[in-house]
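Enquirer: Dropping the sequence and predicted coords here.
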Amino acid sequence: MKKLVLFLTIMFMTMSYGQEIKQVPLINVNGEGKVKVAPDQVCISASVETKGNNAKDVKKQNDEKMDAVLKFIKKMNIPTADFKTKQVALNPQYDYEKKKTSYNATQTVEIVVKDLAKYDELMEGLVQQGINRIDRVSFESSKMAQYESEARKLAMKDAKTKAEEYVSVLGQKVGKAFTISDNSQVYHPQPMYAAMRMKEADSMGASNETLAIGEIEITANVSVSFVLD
């Protein structure tokens, strides 16, 4: 008998709780916030890749090229804290048709350039010194966290404005936020670029430009459920 009473009590509490939740009037809206800023730095991920039949020789050649690359980066007055080795690999590759093993050595360096005026010269020099693979070029802001925070605040304001617009014709008011979901995705623009700028000048002595940096658009998206008063 006691077990039956306990079971009925729990069922009653569960049903009451479920009914209580269902009775809360809510409005669900999405909000978006955008902040546009000019990038003030660029992150470059570049690699030296060497292939050959002798592992020792392949590694030696790759190391020599990367040594030249690192010396060039220092010569460009890039602070030591702004560049680092990200990956070093030496892998065998077996050719089943020729029944021979070759080797592939790769070393990747990541560089943060805080003076965008150095971009073209740096890219040219990297290729000249041995870089033969540009993995990524991403224009960023050093104040990204601050701008992302601003975008999130704008997204929340947008969500509340939408909610107020929807319920204004119903004679109701928007109350406290009941649930908030952040749907934002971080995106760093990676524009098309030339690995080396062609320095062929026209009759006026002008040189070609490699890219247009433009602006970074930082976007935040939220889903909010507001209680209706």
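Expert: Nice, I can see it.
Enquirer: Any stretches of this protein with poor pLDDT?
Expert: For the chain, the stretches with pLDDT under 70 are 1-22, 186-213.
Enquirer: quick one: the helices in it?
Expert: Taking DSSP state H as the criterion, the chain carries its helices at 2-22, 55-75, 119-129, 144-167.
Enquirer: Distance from the shortest one to the middle of the chain?
Expert: When you say that, I think you mean helix 119-129. 24 Å (CA atoms, centre = their mean, to the nearest Å).
Enquirer: May I see the buried residues of it?
Expert: 119-120, 122-127, 129 (16 or more other CB atoms under 10 Å). From N, CA and C alone the C-beta is placed, and that goes for glycine too.
Enquirer: what comes into contact with stretch 142-152?
Expert: Outside stretch 142-152, the residues that touch it by CB atoms under 8 Å, 6 or more residues apart in numbering are 33-35, 37, 40-41, 114, 141, 182, 184, 186, 218-220, 222.
Enquirer: Got the domain ranges for the protein?
Expert: In the assignment given by automatic domain parsing, the structural domains of the chain cover 25-38+144-197+207-228, 41-140.
Enquirer: picking up where we left off before, okay, the buried residues of helix 119-129 in JSON lines with distance to V227 next?
Expert: Shown next, in JSON lines, are the buried residues of helix 119-129 (distance: CB to CB, whole Å):
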{"residue": "Y119", "distance to V227": "51"}
{"residue": "D120", "distance to V227": "55"}
{"residue": "L122", "distance to V227": "54"}
{"residue": "M123", "distance to V227": "54"}
{"residue": "E124", "distance to V227": "59"}
{"residue": "G125", "distance to V227": "60"}
{"residue": "L126", "distance to V227": "56"}
{"residue": "V127", "distance to V227": "59"}
{"residue": "Q129", "distance to V227": "62"}
